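Novice: here you go, sequence then predicted model.
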Amino acid sequence: MRLVKRLQYDRYGGPEVMRLAEFEPPRPGPDEVLVRVRAAASNALDWKMRNGEMKLMTGRSFPRAMGHDFAGVVEAVGAGVTRLKAGDAVLGHARFRQAGAFAEMVTAPEKAVVLKPVDLSYEQAAALPTVGVTAYQATAEIRPGQAVFVNGCLGGVG
């Protein structure tokens with residue numbers, strides 16, 4: 001596979017540690033898809049990881065790819081993938097530890113990727129994975145007739 005570009009960092013820190021670098025995207029493993037990224041969205045999770053605030057959960061190996069939420073087109077699928085095929089327009093979330101959505105290509109588990117609704121642009125779709133799942137989880141037990149109070153709605157979830 002040819003080299004593509006991604007945003008990554010070689011040490012924890014602020015925006016100054018980010019750099020554009022070439023890498024060889026891995027072939028999708030079992031139950032994984034390789035996606036050509038058309039749009040990616042940034043969340044607080046991304047800069048917290050870059051700053052090192054989550055290193056107990058993500059590890060300390062470098063270089064580290066950046067970005068989790070993406071939308072794009074499936075390039076290839078691994079063994080066992082049944083819902084998606086090459087050419088499908090999708091949106092999804094990269095693995096927590098590996099990240100990698102701020103790249104030309106990203107590998108993600110099939111279970112973290114869904115078909116992109118046709119009426120959404122790639123940019124709109126990329127903004128949904130983290131905040132959409134979070135909002136859904138926060139309201140999953142809400143029943144008709146109940147109310148929800150959203151406090152501090154300046155973030156993507158609110």
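Specialist: Yep, that arrived. Residues are numbered from 1 along each chain as shown.
Novice: use CA for all of it now, contacts and neighbours both
Specialist: OK.
Novice: wait, what's in contact with Leu45?
Specialist: For Leu45, no contacting residues are found, by C-alpha atoms under 8 Å, 6 or more residues apart in numbering.
Novice: what pLDDT, on average, does the host helix or strand of it get?
Specialist: When elements are assigned from DSSP states H and E, Leu45 belongs to helix 44-51. For helix 44-51, mean pLDDT rounds to 91.
Novice: which parts of that helix are buried?
Specialist: 45-47, 49-51 (16 or more other C-alpha atoms under 10 Å).
Novice: and that helix, how far out from the chain middle?
Specialist: Relative to the mean C-alpha coordinate of its chain, helix 44-51 is positioned 13 Å out (C-alpha atoms, centre = their mean, to the nearest Å).
Novice: I'd like the next helix or strand past it.
Specialist: Elements were assigned by DSSP H and E; along the chain past helix 44-51, the next helix or strand is helix 55-58.
Novice: shaky segments in the chain?
Specialist: Low-confidence segments of the chain, defined by pLDDT under 70, span residues 152-158.
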